[in-house]
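>>> Fold the stuff below for me.
(chains A and B)
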Amino acid sequence: MRVRVECCGASGRLAGAAQLDVELPEGADVRALFARLGERSAEFAALLESCACARGDALVHRATPLADGDQLALLPPVAGG
Amino acid sequence: MSDWELNRIQSQPLSLDALLAGSARSDCGALAIFAGTVRDHHQGRAVVSLSYSAYAKLAEKLIREIEQEIAERHGVAVCRVVHRVGELAIGDTAILALARGAHRAETFAALRALVEAVKQRAPIWKEEFYADGSSAFVAGCALVTPEDAPPAESRLHCLPSHAQVETEVEEPIEILGEPY
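Next up is the predicted model:
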């Protein structure tokens, strides 16, 4: 299956793209997605440790199962204001 | 403009009039307002501009939840926050927050808590651009779902975020509110 990941904040700069399409095995969860994304570089893997993941307008935890076509967002530590 | 129509994340210059519109209450004797503006320095470095970005779908929902939560916790009638995204120059307004309550004590407290909660929990990011041409994302607070939080942790802590060009690590700051 394939999911689309919007890379917010510093994650977009590190990924070199505002969004990534990621191929995952059926039944993969957010943890598996993060593991796959972490293969891009050690720096990206380090950032992922402090990232959250959202689907639509809700945060999803690491054990959340993903589905083909999911639109996700990678949320590094926040710093508004 | 009704409260619901007011976008919390805005790409245009923030309007105090729009924030105030429709917020007046006859049972409130206190109105407190905070404006956060872009500063020309950070940790000893000259800052020439900022860029804010947000994951708006979640930020709009979370800011509304924070407003309600803070209003209930502090016993005030109205809390509102709007946050700017895009490229901002020195002196531009990045955030406007408002609280209305019966008396000043709880209204000041609510306003402060409101601003802190939005800074620490809303999915918004700040990149600073320095006079020497470099830039960095400002260290922030990690968002953690209850399911992913370490069991022993009763409170979350801000974690140093990744600095893109030149790393600047701020001291951890405790989040005083409920774990998110």
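>>> What about the closest residue to residue B:89 other than its chain neighbours, how many residues nearby?
Closest residue in space to residue B:89, ignoring its immediate chain neighbours: residue B:49 at 5.6 Å, by Cβ to Cβ, 6 or more residues apart in numbering or on different chains. Where you see a C-beta, it was placed from the backbone N, CA and C, and this is true even at glycine. Using other Cβ atoms under 10 Å in any protein chain shown, residue B:49 has 16 other residues around it.
>>> State the next helix or strand along the chain beyond the longest helix seen in chain A.
Ordering each helix of chain A by length in residues (DSSP state H) puts helix A:30-38 first. Going down the chain from helix A:30-38, the next helix or strand is helix A:42-48, by DSSP states H and E.
>>> residue contacts, residue A:73?
By Cβ atoms under 8 Å, 6 or more residues apart in numbering or on different chains, the residues touching residue A:73 are A:5-6, A:8, A:53-55, B:55, B:57-58, B:123.
>>> switch to 6 Å and redo it
Taking Cβ atoms under 6 Å, 6 or more residues apart in numbering or on different chains, we find residue A:73 in contact with A:6, A:8, A:54, B:55.
>>> Does it have any beta-bridge partners, and if so which?
Counting by DSSP bridges, residue A:73 is bridged to residue A:6, residue A:54.
>>> quick one: it from residue B:64, how far?
Computed as Cβ to Cβ, to the nearest Å, the residue A:73 to residue B:64 distance reads 18 Å.
>>> cool, and residue B:49?
29 Å.
>>> so is the residue lying farthest from the centre of chain A in a helix, a strand, or just coil?
Here chain A reaches farthest from its C-alpha mean at residue A:81, the gap being 24.1 Å by Cα atoms, centre = their mean. Assigned with DSSP: H, G, I helix; E, B strand; the rest coil, residue A:81 falls in the coil class.
>>> Give me the pLDDT for the closest residue to residue B:78 other than its chain neighbours.
Excluding its sequence neighbours, the residue lying closest to residue B:78 (Cβ to Cβ, 6+ apart) is residue B:100, at 4.1 Å. pLDDT for residue B:100: 98.
>>> Using PDB, write out the CA atom coordinates for stretch A:63-71.
The C-alpha coordinates for stretch A:63-71 follow below in PDB (Å, rounded to 0.1, in the frame of the first residue of the first chain):
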ATOM      1  CA  ALA A  63       0.400   1.500  16.900                       C
ATOM      2  CA  THR A  64      -2.300   3.000  14.700                       C
ATOM      3  CA  PRO A  65      -2.800   0.800  11.600                       C
ATOM      4  CA  LEU A  66      -2.500   2.600   8.300                       C
ATOM      5  CA  ALA A  67      -4.600   2.100   5.100                       C
ATOM      6  CA  ASP A  68      -3.800   2.500   1.500                       C
ATOM      7  CA  GLY A  69      -4.200   6.200   0.400                       C
ATOM      8  CA  ASP A  70      -3.900   7.600   4.000                       C
ATOM      9  CA  GLN A  71      -2.800  11.200   4.100                       C
END
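>>> what sits up against it?
Contacts for stretch A:63-71 (Cβ under 6 Å, 6+ apart): A:1, A:3-4, A:28-30.
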